[in-house]
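S.K.: Here's a sequence, model it:
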Amino acid sequence: MNRIQKNNRLLNIASIVLAGGKGTRLFPLTLHHSKPAIAYGGRYRLIDIPISNSLNSNIRQIFVIGQYLSAELGHHLAQTYQFDHFFPGMLDFLTPEEYPSGQKTWFEGTADAIRKNLDKITKLPVDYYLILSGDQLYNINFQKMFEFAIDKEADLTIATLPIAEKEAKRMGLLCTDDHSIVTDFYEKPQEEQILQKFCLPPSFFSRMHLPHAEKKYLGSMGIYIFKKEALLSLLQEQGEDFGKHLIPKQLTKGKTAAFVYDGYWEDIGTISSFYEANLALVDGKNIGLQMQDEKNPIYSRVNYLPGSLIKGTIVNRSILCEGSIIEAEEIQESVIGLRTKIGTGTKIYRSIILGNTHYLPGDNEEESHGKFRIGQNCLLKNVIIDEHVHIGNNVRITNKNNLSSHDGEHGIFVRDGITIVTSGSSIPDGYVF
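M.R.: Numbers count the residues shown, from 1 in each chain. I've put the predicted structure just below:
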């Protein structure tokens with residue numbers, strides 16, 4: 001458990017990661033996975049990001065609340081985060097239950113998920129709760145945010161970042177006074193009149209030593225630090241979601257402060273945001289999630305796999321993960337996940353191959369149908385290949401008709417102009433899309 005000393009008293013902190021959303025805007029990747037369980041960066045899961053940031057901030061008491069397709073997520077958590085006497089901590093995975101009375105719980109929103117698990121969450125001797133989302137990317141030292149919260153003596157501290165107008169309609173917006181105390185909040189405003197109300201003056205950005213440019217709003221990142229008493233009191237109010245219902249009420253109940261963060265942050269809400277966040281790892285501009293920081297690593301399941309075997313492949317600005325056997329002709333600006341097999345003559349451009357959680361036995365060509373592999377002489381452009389997919393020989397997946405949306409055969413979909421091949425699909429030899 002993380003501890004910060006204030007007035008000669010040690011303050012205890014625990015993290016709550018909300019990981020139960022269905023992720024409808026990430027369909028069809030969420031056809032077979034919960035959103036936090038989707039593979040990212042070749043060898044991680046989205047859930048690894050908030051947990052790793054908590055651990056790197058020395059917060060080792062962690063609750064993860066799941067709901068939709070929770071079995072895969074629970075398996076990953078159990079296989080990955082194991083504490084012991086030398087690295088003490090706890091990760092408790094909470095899901096809907098049926099009680100002896102016959103009552104069955106179902107979480108209706110972010111706040112409701114915590115409200116219905118208070119009997120478990122409040123058993124720890126905790127002074128503060130850090131509430132996180134299970135589907136965001138960032139590198140944040142939460143220690144600084146806690147010190148800010150304690151310094152402001154805030155009942156609630158909201159992590160915020162400067163955003164442009166094009167992002168303002170999909171986030172909660174805040175106004176603050178000169179002391180970083182929140183004076184107004186509105187969740188996902190759509191009307192121009194409301195947007196203008198939350199447009200910040202250049203003096204705000206100069207006071208915070210931030211570049212102004214096109215970023216004129218202060219957006220909520222959906223990351224909160226609550227005093228325990230404030231959270232318990234707020235959850236007695238009606239409302240299922242923090243942003244929509246409870247944060248505006250909290251402004252009238254106690255002091256709310258805005259912690260301004262100016263680093264990388266991405267909410268994985270759509271197929272295009274997922275695709276771009278992966279490609280940001282290989283674009284050479286160093287604008288994506290930082291994964292090379294050995295002092296603040298991104299943790300994930302340990303895989304005892306050999307390095308990738310590459311045979312005669314031209315590779316440029318790409319990530320090739322362990323256990324892969326690659327005989328492709330060319331791979332450009334792509335992420336190739338764990339245990340990926342790619343045949344000779346194949347070309348892959350700006351694509352995300354999520355890899356596989358295990359190999360299938362049998363190496364003979366006669367046994368190849370249904371195996372997890374990409375065949376020979378294929379062409380893939382702007383494609384996301386989900387886990388456990390078989391692609392035959394001479395397959396071309398390039399979205400040749402430039403579709404922006406499509407639900408087709410063989411598990412092929414198009415969203416935001418990006419082609420997705422869903423988990424378990426088998427694409428026959430010679431198929432063209």
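S.K.: So, low pLDDT: which residues of the stretch 51-200 of the chain?
M.R.: 102 (pLDDT under 70).
S.K.: can you pull out the helices in it?
M.R.: With helices called from DSSP state H, counting those that start in this stretch, the stretch 51-200 of the chain shows them at 70-80, 110-115, 118-121, 142-152, 165-168, 192-197.
S.K.: Which strands or helices does the second one pack on?
M.R.: By that I understand helix 110-115. In terms of contacts (3 or more Cβ pairs under 8 Å, 6 or more residues apart in numbering; DSSP states H and E), helix 110-115 is packed against strand 9-19. All C-beta atoms are positioned from the backbone trio N, CA, C, and that covers glycine.
S.K.: Against residue 313, how distant is the residue nearest the centre of the chain?
M.R.: The chain has residue 135 as the residue nearest its centroid, 2.4 Å off, counting by Cα atoms, centre = their mean. Distance, residue 135 to residue 313, by Cβ to Cβ, to the nearest Å: 32 Å.
S.K.: domains of the chain?
M.R.: 2-279, 309-427 (automatic domain parsing).
S.K.: Of all these, which one is nearest residue 298?
M.R.: domain 2-279 (4.7 Å; Cβ to Cβ).
S.K.: Which residue ranges of the stretch 1-150 of the chain form strands?
M.R.: 2-6, 9-19, 39-40, 44-45, 61-66, 90-94, 128-133, 136-138 (DSSP state E, counting those that start in this stretch).
S.K.: tell me what the third one is packed against?
M.R.: Which is strand 39-40. helix 271-279.
S.K.: List the buried residues of stretch 290-305.
M.R.: 291, 296, 298, 300-301 (16 or more other Cβ atoms under 10 Å).
S.K.: any idea how far the closest residue to residue 254 other than its chain neighbours is from residue 198?
M.R.: Leaving aside its sequence neighbours, residue 254 sits nearest to residue 155 (Cβ to Cβ, 6 or more residues apart in numbering; 3.4 Å). Distance from residue 155 to residue 198, counting by Cβ to Cβ: 22 Å.
S.K.: Also residue 395?
M.R.: Distance of residue 395 to residue 198, given as Cβ to Cβ: 49 Å.
S.K.: Now for residue 331: which residues touch it?
M.R.: Counting by Cβ atoms under 8 Å, 6 or more residues apart in numbering, residue 331 makes contact with 313-316, 318, 320, 342, 347-348.
S.K.: just the buried members of those?
M.R.: 313, 315, 318, 320, 342, 347-348.
S.K.: which two of the residues you listed lie the greatest distance from each other?
M.R.: 320 and 347 (15.1 Å).
S.K.: Tell me the secondary structure of residue 298, please.
M.R.: Counting by DSSP: H, G, I helix; E, B strand; the rest coil, the backbone at residue 298 sits in coil.
S.K.: residues near the closest residue to it other than its chain neighbours, how many?
M.R.: The spatially closest residue to residue 298, leaving aside those adjacent along the chain, is residue 52, at 4.7 Å (Cβ to Cβ, 6+ apart). For residue 52, the number of neighbouring residues by other Cβ atoms under 10 Å comes to 19.
S.K.: Spit out the contact partners of residue 52.
M.R.: Neighbours of residue 52 in contact, by Cβ under 8 Å, 6+ apart: 296-299.
S.K.: Just the closest of the residues you listed to residue 73, please.
M.R.: Of the contacts of residue 52, the one sitting nearest to residue 73 (Cβ to Cβ) turns out to be residue 299, at 15.1 Å.
S.K.: I'd assumed residue 53 was in contact with that closest one.
M.R.: No: using Cβ atoms under 8 Å, residue 299 is not in contact with residue 53; the gap is 10.0 Å.
S.K.: Surely residue 91 is in contact with residue 62?
M.R.: Yes: using Cβ under 8 Å, residue 91 is in contact with residue 62, at 4.7 Å.
S.K.: residues shared between the contacts of the two?
M.R.: With Cβ under 8 Å, 6+ apart as the test, residue 91 and residue 62 both reach 51, 81.
S.K.: Those two: which is more packed in?
M.R.: Between residue 91 and residue 62, counting by other Cβ under 10 Å, residue 62 is the more crowded of the two (24 against 20).
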